[in-house]
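Trainee: Okay, predicted coordinates and the sequence, questions at the end:
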2 protein chains.
Amino acid sequence: MTIKSADLLVLNGIVLTMDSIDTQIKNGAVAIKGKKIVAVGEVDEFLSWDMSQTIDACEGIIMPGLVNTHTHFPMSLFKGLADDLPLQVWLDEHIFPAEEKYITPKSVRIGTRLSCAEMLLSGTTTCCDGYFFEDEIAEAVKACGIRSVLGQGVIDFPAPGIPDPKNNISSAIVFMDKWQAAASTINPSIFCHSPNTCSTQTLKKAKAAANDRALLFQIHAAETKSEWDQVWSQHRASPIKYLDQIGVLDQNTLLVHTVWVDDDDIDIIAKRRAKVSHNPESNMKLASGIAPVPDLLKADITVGIGTDGCASNNNLDLFSEMDTTAKLHKVNTLDPTVMDARTVVQMATTGGAAAIGLDRQIGSLEPGKEADLIVIDTKNPRLAPLYNPISQVVYAALGSDVRDVIVSGKIVVRNHKLLTIDLDDLLERVGSIGDTIKRELTKK
Amino acid sequence: MTIKSADLLVLNGIVLTMDSIDTQIKNGAVAIKGKKIVAVGEVDEFLSWDMSQTIDACEGIIMPGLVNTHTHFPMSLFKGLADDLPLQVWLDEHIFPAEEKYITPKSVRIGTRLSCAEMLLSGTTTCCDGYFFEDEIAEAVKACGIRSVLGQGVIDFPAPGIPDPKNNISSAIVFMDKWQAAASTINPSIFCHSPNTCSTQTLKKAKAAANDRALLFQIHAAETKSEWDQVWSQHRASPIKYLDQIGVLDQNTLLVHTVWVDDDDIDIIAKRRAKVSHNPESNMKLASGIAPVPDLLKADITVGIGTDGCASNNNLDLFSEMDTTAKLHKVNTLDPTVMDARTVVQMATTGGAAAIGLDRQIGSLEPGKEADLIVIDTKNPRLAPLYNPISQVVYAALGSDVRDVIVSGKIVVRNHKLLTIDLDDLLERVGSIGDTIKRELTKK
């Protein structure tokens, strides 16, 4: 008999594999060797294995780390700076001026670490970002140990780090080439801001640059009625139809929001096999509208869940976002069966992984996949009794119930403690930036 | 100079008083003597005071304990038992049979303690319940140390503890008289299930019994389209109009849900000065609809927030409910200004207190009020930076960020630890009931 071995065994938990047949193991374990999962099964199957390290899940839930398909990391610095305002006032009078004045390479690093800290501690192991100074973001993300798809922002206006928009695509190309060569848990991408803030030429060039490198092309699309109106008045087409007409929709395109879409738009998205990032809380808070996610899923479109940036949510907690996703579509359709808990967890794991092009690596707990997983502590009144772990994850668990987090085989959170970031030091730096912003804004 | 004294000073926090002019104190403190607040002010004002005990809020947020205006305590035992089902299937095939078989005096005590544990740990200091075996509930609630309004259930069907509905009102009267005489933090009440499950005579008698004692009359009203249809077909009036016609609407009536109400109904509620409990997450999860809360508030109706029972939410966390309230009405009206964070916190504190008739005792931090308050730990990435504490409470904080909880001057949660309940013992009992229910349901 050969002695099998692994570096790490996470055991004694209910394992939600999120594999294609939704396998759940009541008293299960996940064995990890290097960066990969090598086995998933009943605890008993591992009795004879040789293990370097074990993590006892204490009858909690072991599941894939969550995938956040849309964020703007540094905007965590503006969390709660301005709320409950009309979208254009919020953007023009608060967010854009704050970005212009306070988004620097240094603040971007700090804001990114703040976002990564919040996400890791609440069970997100992969996130898809789109912003500026993305190279600074990548360096900070790498140190935090979260897996990511990072899109350098492209917009036809002066932007942080890109005073002359003529350089927006070339900057993105430099970023993509650097990080593609690095071959790490950081996957570069390009992020065009929206169909009404990038010209047709910019969109086409950006998509071509992404396709040349087989990388993800991200874009906010059909988020608000006003965007829809602008695109219509300029191109006599809906945002989705316009993007299709100029040839930027394919399986490596991630459409973020898709609130203002009709049946024809949905047909186009399905036909092009483009992916969707659903950000319900941001769409609610900014009063943008409700994306027709049940219809998207019926059309067999891949949908992941995102939190959006922290200034428009105001948190990066995918547990809250799952709960909202499940409930919002029920009330919107007056049908309680339209969006069950399993569908929602699938969107937050395998669906999200597929939406950002990482489904072969992550999203489920299966041998051969990267070891990205979390342990949920169920020993508290919020999560007892436990009839159905999937239901508990969606409707009862909080991000703060996540006890341990493993990314790429490395333990990054253990017993609610973040191992990759000095949190006291980070919170001091964040507090100091916040104090400056608050002081200067009050001065006005 | 007289030395002033207090039993307990909670200091070094941002104090959100939620008084009528929304006073916030940056580096504030709350002094407590016996069960009451005796002073609220800047920390410096208390330097010369003689204190028996202090709690350092460590620059966190000190605010009134939250008020949950609608729950069914023992249903926490059915949390996640059945989800994502049509309402009638959920009720008839899952909840009613489970109640019939598993709701006993013993399970009611355990389910109540489970609910109280979850609520206290997430910052709720007062809750309004309606269920059966309410005397058992009251004994359990008393031991947990949460303030409450408890309504003995009245329904014209056999119910737990009331096999013959002929005794429903008399049982409620016995309950009300016993607990009114006890004069404690438990405030008795009567809870009629709904306009379509209680006869006109039952509703009138129940309201008369409450009015004779100047106690709260609670009723689910206009929750679902099917209830509306039933009431209409029987009485040719909307549920609200019907309840008004039979004379049960006045300032001591709490209408729970009010989803299916039109402008005429709103006028009636306003005119009668009846109160409303808004339960957005339950209404979303059961796909009942969205209550027109902005319109209710415009009509100057007192609205509090509730979680509903744990089987239809599935949590009792008012922080989550506040976040949902703020976001849901924005997206429902496509107006981001329609429900600001301050309005939501007000509904969860002073509004809730007024909705259940306790506004003279609780809801705000002011001298003379009962000392019900909580401390939120803001030293974590979710709550940094901190520009606007009200915004942070609604959009970023989780129930698990509540560090300390004081009810009626007594510390019930300290450093996230519940002092009134043996949690390990409770979770073992809850687990055992859950295992039985699960085993027997699987057997079928």
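Mentor: Sure thing, it's come through.
Trainee: is the helix or strand harbouring residue A:10 anywhere near chain B?
Mentor: Per DSSP states H and E: residue A:10 is located in strand A:5-16. No - applying Cβ under 8 Å from any Cβ of the partner chain, one finds strand A:5-16 separated from chain B by no less than 12.7 Å. Where C-beta positions appear, they are placed from N, C-alpha and C, glycine not excepted.
Trainee: I'd like the average pLDDT over that strand.
Mentor: Average pLDDT, strand A:5-16: 98.
Trainee: list the helices and strands the very next helix or strand once past it packs on?
Mentor: Remark: after strand A:5-16, the chain's next helix or strand is strand A:24-33, criterion DSSP H and E. Secondary-structure packing of strand A:24-33 (3 or more Cβ pairs under 8 Å, 6 or more residues apart in numbering or on different chains; DSSP states H and E): strand A:5-16, strand A:36-42, strand A:61-64.
Trainee: ends of stretch A:364-384, how far apart?
Mentor: End-to-end distance for stretch A:364-384: 25 Å, by Cα to Cα, to the nearest Å.
Trainee: Repeat that for stretch A:143-160.
Mentor: 22 Å.
Trainee: what residues does the stretch 101-250 of chain A put near chain B?
Mentor: Residues of the stretch 101-250 of chain A found near chain B (Cβ under 8 Å from any Cβ) are A:114, A:117-118, A:121-122, A:225.
Trainee: Just the buried ones from the residues you listed?
Mentor: In these, burial by neighbour count holds for A:114, A:117-118, A:121-122, counting by 16 or more other Cβ atoms under 10 Å in any protein chain shown.
Trainee: ok so, going back, would you mind putting the helices and strands packed on strand A:24-33 into JSON lines with mean neighbour count alongside?
Mentor: Listed next are the helices and strands packed on strand A:24-33 as JSON lines, based on neighbours: other Cβ atoms under 10 Å in any protein chain shown:
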{"stretch": "strand A:5-16", "mean neighbour count": "22"}
{"stretch": "strand A:36-42", "mean neighbour count": "19"}
{"stretch": "strand A:61-64", "mean neighbour count": "28"}
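Trainee: quick one, domains of chain A?
Mentor: Listed domain ranges for chain A are A:5-64+A:367-416, A:66-355 (source: automatic domain parsing).
Trainee: can I get the ones you listed in JSON lines with distance to residue B:440?
Mentor: Shown next, in JSON lines, are the domains of chain A (distance: least, Cβ to Cβ, whole Å):
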{"stretch": "domain A:5-64+A:367-416", "distance to residue B:440": "12"}
{"stretch": "domain A:66-355", "distance to residue B:440": "23"}
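Trainee: Tell me which of these is the most buried.
Mentor: Mean neighbour count, computed with mean count of other Cβ atoms under 10 Å in any protein chain shown, is highest for domain A:66-355 among the domains of chain A, reaching a mean of 22.
Trainee: and that domain, how far apart are its ends?
Mentor: Domain A:66-355: ends 13 Å apart by Cα to Cα.
Trainee: Now find how far off-centre it is within its chain.
Mentor: On the basis of Cα atoms, centre = their mean, to the nearest Å, domain A:66-355 sits 8 Å off its chain's mean C-alpha point.
Trainee: where does the closest residue to residue A:171 other than its chain neighbours land on pLDDT?
Mentor: Leaving aside its chain neighbours, residue A:171 sits nearest to residue A:162 (5.6 Å; criterion: Cβ to Cβ, 6 or more residues apart in numbering or on different chains). Looking at residue A:162, its pLDDT stands at 95.
Trainee: so residue A:162 makes contact with residue A:168?
Mentor: Yes - using Cβ atoms under 8 Å as the test, residue A:162 is close enough to residue A:168 to be in contact (5.4 Å).
Trainee: Spit out the contact partners of residue A:259.
Mentor: Applying Cβ atoms under 8 Å, 6 or more residues apart in numbering or on different chains to residue A:259 gives the contacts A:222-224, A:283, A:288-291.
Trainee: rerun that using 7 Å as the cut-off
Mentor: Listed by Cβ atoms under 7 Å, 6 or more residues apart in numbering or on different chains, the contact set of residue A:259 reads A:222-223, A:283, A:288-291.
Trainee: mind listing the helices for the stretch 51-200 of chain A?
Mentor: Taking DSSP state H, counting those that start in this stretch, the helices of the stretch 51-200 of chain A run over residues A:87-89, A:96-102, A:105-121, A:134-144, A:168-182, A:200-212.
Trainee: Take those and write them to a markdown table, including mean pLDDT.
Mentor: Putting the helices of the stretch 51-200 of chain A into a markdown table (pLDDT from 0 to 100) gives the following:
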| stretch | mean pLDDT |
| --- | --- |
| helix A:87-89 | 84 |
| helix A:96-102 | 91 |
| helix A:105-121 | 98 |
| helix A:134-144 | 97 |
| helix A:168-182 | 97 |
| helix A:200-212 | 98 |
